[in-house]
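Got a predicted structure here, sequence first:
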Amino acid sequence: MLSVWKSKPESGLEVKETEIPKINEDEVLIKVKAASICGTDRHIQKWDEWAANRIGKNIPYIFGHEVSGEIVEMGKNVRGLEIDDHVSAETHISCGYCFQCRTGNEHICENVKILGVDVNGVFAEYVALPYRNAWKNDKSVPHWIASAQEPMGNAVHTVFDGDVAGKTVAVFGMGPIGLCAVGLCKMAGAEKVIAVHPSDFRLKFAKDFGADLSLKSRDADVKKEIMDYTDGKGVDVMLEMSGSPQAFNDGISVLRPGGRASILGVYSKPFEVDVTGIVFKAARVNGINGRRMFDTWYKTKAFLKAGFPLEKIITHNFRLDEIEKGFEVLDAKEAVKVALEP
Ligand SMILES: [Zn+2]
Ligand SMILES: [Zn+2]
């Protein structure tokens, strides 16, 4: 089968033929119909410090984790799935026996293995997946859209970490997940949604997802604009999805007393935060990791069914063997999300 490998501890990737994976009795074999490129894959492709530390010992291996495909083979212990089912993958492969797993928090399993990071991933014609991680898709959803449910799930998890109906929400960072968050807040009845991002290109998409106010953080005085927009009250909810320390601190400073901040952004190093400000505001600041298994997936499916336009974040479609073109359009900041089809 055709597959995309991270073979060497340096920038780049390798497209090559390899054996179709063998499944064990708890796995399904998925014929990949679409896979999409995530920020994580870009770190792996570039081989930055994070990639070197996180997966240095795993190479050579097949990367990629966002997927939609069809089940073509099942191990004998598989339940609840059938051959030909369309499925996506929950990418956190949990152990099932640690404290978190046994107390309803599988998404933060202590022994988690991540698809396409710790084990062979989906940039290939076939992938083996534990059947408990397979999420059955509605066959009416095209594979190239269904593949992006995994990042959409991050947005669902972050947005619905609290209430947004009737509230003013500021979303920092208009990556694919931030854009989904804007759209989800609007669909769920948020009163006003403010989108913050450094570039006009992404803010255009935010507008398309229904943002009421778009702020270009490169030029605007974000704090002043948001305080003016909310008549000096501040926002009820702040979602940080950029991984920028500046965005985090701006977000906290425009949060109204008693407000909620949910943080999905990942920061490259520790930074300074005015914790006393958080304390006196009695703000709730929550870290968000992955998707709740599988509560978030049910919600994501329901929003797709209700017409959430997930296809809007997918700006480019390429063949899997053209994957380098996908990374190029992302590097050139011409793309939001790239879907690949074997
Ligand atoms: Zn991803
Ligand atoms: Zn566990």
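Received it, and whenever you're ready, just let me know what you need. Ligands and ions are numbered 1, 2, ... in the order given.

could you pull out the helices for the stretch 101-250 of the chain?
When assigned using DSSP state H, counting those that start in this stretch, the helices of the stretch 101-250 of the chain occupy the ranges 143-146, 149-159, 176-187, 200-208, 222-229, 245-253.

For stretch 306-314, which outside residues touch it?
Where contact means CB atoms under 8 Å, 6 or more residues apart in numbering, the residues beyond stretch 306-314 that reach it are 36, 142, 144-145, 148-149, 152, 176, 179-180, 183-184, 187, 205, 208-209, 304, 336-339. From N, CA and C alone the C-beta is placed, and that goes for glycine too.

ok, back up a step: for ligand 2, which of the helices of the stretch 101-250 of the chain is the nearest?
Closest approach to ligand 2 among these (CB to the ion): helix 149-159, 18.0 Å.

Would you indicate which residues of the closest one are buried?
Along helix 149-159, these residues count as buried under the neighbour rule (16 or more other CB atoms under 10 Å): Gln149, Glu150, Pro151, Met152, Gly153, Asn154, Ala155, Val156, His157, Thr158, Val159.

tell me the contacts of the residue nearest to the second one when sequence neighbours are not counted?
Using CB to CB, 6 or more residues apart in numbering and skipping the chain neighbours, the partner closest in space to Glu150 is Glu66 (4.8 Å). Each residue near Glu66 by CB under 8 Å, 6+ apart is listed here: Ala35, Ser36, Ile37, Cys38, Ser88, Thr91, Val122, Ser147, Ala148, Glu150, Pro151.

again, only using 10 Å
Going by CB atoms under 10 Å, 6 or more residues apart in numbering, Glu66 touches 34-38, 40-41, 88-89, 91, 115-116, 121-123, 146-152, 176, 337, 339-340.

If any of the contacts of stretch 306-314 are buried, give me the ChimeraX selection for them.
Buried members of those, defined by 16+ other CB under 10 Å, are picked up in ChimeraX with:
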select :36,142,144,145,148,149,152,176,179,180,183,184,187,205,209,304,336,337,338,339
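
how deep is Glu240 tucked in, by neighbour count?
Counted with other CB atoms under 10 Å, the neighbours of Glu240 add up to 28.

Please give me every residue in contact with it.
With contacts defined as CB under 10 Å, 6+ apart, the neighbours of Glu240 are 158, 170-173, 178, 196, 247-252, 261-265, 267, 285, 288.

What distance do you get for the most centrally placed residue in the chain to Glu225?
In the chain, the centroid-proximal residue (CA atoms, centre = their mean) is Pro151; its distance is 2.6 Å. For Pro151, the distance to Glu225 under the criterion CB to CB, to the nearest Å works out to 28 Å.

next one: Ile20
Distance of Ile20 to Glu225, computed by CB to CB: 54 Å.

Domain parsing of the chain, as residue ranges.
2-147+309-341, 154-287 (automatic domain parsing).

Buried residues in the worst-scoring helix or strand of the chain on mean pLDDT, which are they?
The helix or strand with the lowest mean pLDDT-type score in the chain, counting by mean pLDDT, DSSP states H and E, is helix 49-55 (a mean of 91). When neighbours are counted by 16+ other CB under 10 Å, the buried residues of helix 49-55 are found to be Ala51, Arg54, Ile55.

For the second one, which non-adjacent residue is closest in space?
Closest residue to Arg54 apart from its sequence neighbours, by CB to CB, 6+ apart: Val117 at 6.8 Å.

Quick check on the one you found: phi, psi?
With angles defined as degrees, to the nearest 10, Val117 sits at phi -120, psi -60.

Can you redo the helices of the stretch 101-250 of the chain as JSON lines, where the extra columns are distance to Val275 and mean pLDDT?
Written out in JSON lines, the entries for the helices of the stretch 101-250 of the chain read as follows (distance: least, CB to CB, whole Å; pLDDT from 0 to 100):
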{"stretch": "helix 143-146", "distance to Val275": "41", "mean pLDDT": "98"}
{"stretch": "helix 149-159", "distance to Val275": "21", "mean pLDDT": "98"}
{"stretch": "helix 176-187", "distance to Val275": "25", "mean pLDDT": "98"}
{"stretch": "helix 200-208", "distance to Val275": "30", "mean pLDDT": "98"}
{"stretch": "helix 222-229", "distance to Val275": "18", "mean pLDDT": "98"}
{"stretch": "helix 245-253", "distance to Val275": "9", "mean pLDDT": "98"}
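
In TSV, list the ones you listed along with distance to ligand 2.
Converted to TSV, those look like this (distance: least, CB to the ion, whole Å):
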stretch	distance to ligand 2
helix 143-146	27
helix 149-159	18
helix 176-187	24
helix 200-208	36
helix 222-229	39
helix 245-253	29
